[in-house]
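Colleague: Got a sequence here, can you build the structure:
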Amino acid sequence: MELKEIKQQFFALRNGLLADTLRKQASLPHKLIFGLNIIQLRQLAAQIGKDKPLAEALWADSDCRESRLLAPMIQPEPQLSWIEDVRTPEEADILCQASLRHHPRALELAQEKAHDPSPLMRYSALRLILNLLPTNPEAIKAGELILQTLPDHPLTRGIAAQLTESISDYA
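Modeller: The predicted model follows:
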């Protein structure tokens, strides 16, 4: 599939009600929002398969919400550098779950980003650790240490609580 065909799919699957709701959120940086849900994006990713050039083109399309969410789903190898370009918690969620957690240096990356001055970067680190808990026993200890020193911020408060609860489930 080419980028143009994917955009046609976005248009065909658009959800005006969800798109309008998302547009009203002042914090979203995207100029183009089709309102696709994660299930639709996963189905589209399954149709496309893994495609590095297409994933990179989608990730570069920072104006379109759905492009940024679909890119990590079709990226064959996790791109650690993409975390630096995350613009929303939703992008961080998908990037960490669909891609970054599979990289051998994922825990190291999360530990590094947990001390970043940016609340969004700290959010991304917590999300990545949360995704590592089921497969990496070291993530429990790393998560506990990070939670002890994490500055309180509205953006990270919810994910920190979720990580705390999940760590107690895995410990």
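
Colleague: Just the CA trace of the worst-scoring helix or strand of the chain on mean pLDDT, in CSV.
Modeller: Lowest mean confidence among the helices and strands of the chain (mean pLDDT, DSSP states H and E): helix 16-23, at a mean of 87. What follows is the C-alpha trace of helix 16-23 in CSV, where atoms were taken according to Å, rounded to 0.1, in the frame of the first residue of the first chain:
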residue,chain,number,x,y,z
GLY,A,16,-16.9,12.3,12.3
LEU,A,17,-18.2,12.3,15.9
LEU,A,18,-14.9,11.0,17.3
ALA,A,19,-12.9,13.3,15.1
ASP,A,20,-14.9,16.4,16.3
THR,A,21,-14.5,15.3,19.9
LEU,A,22,-10.7,15.0,19.4
ARG,A,23,-10.5,18.3,17.6
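
Colleague: Contacts for it, please.
Modeller: Judged by Cβ atoms under 8 Å, 6 or more residues apart in numbering, the contacts made with helix 16-23 from elsewhere in the structure are 28, 33, 34, 35, 36, 37, 65. Any C-beta I mention is one placed from the backbone N, CA and C, and that applies to glycine too.

Colleague: got TSV for those, with secondary structure and distance to residue 90 too?
Modeller: What follows is the contacts of helix 16-23, written out as TSV (DSSP: H, G, I helix; E, B strand; the rest coil; distance: Cβ to Cβ, whole Å):
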residue	secondary structure	distance to residue 90
28	coil	8
33	coil	11
34	coil	14
35	coil	13
36	coil	12
37	coil	11
65	helix	8
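
Colleague: Which one of these sits in the busiest neighbourhood?
Modeller: Neighbours here mean other Cβ atoms under 10 Å. Within the contacts of helix 16-23, the largest count is held by residue 65, at 27 neighbours.

Colleague: Cool, thanks, signing off.
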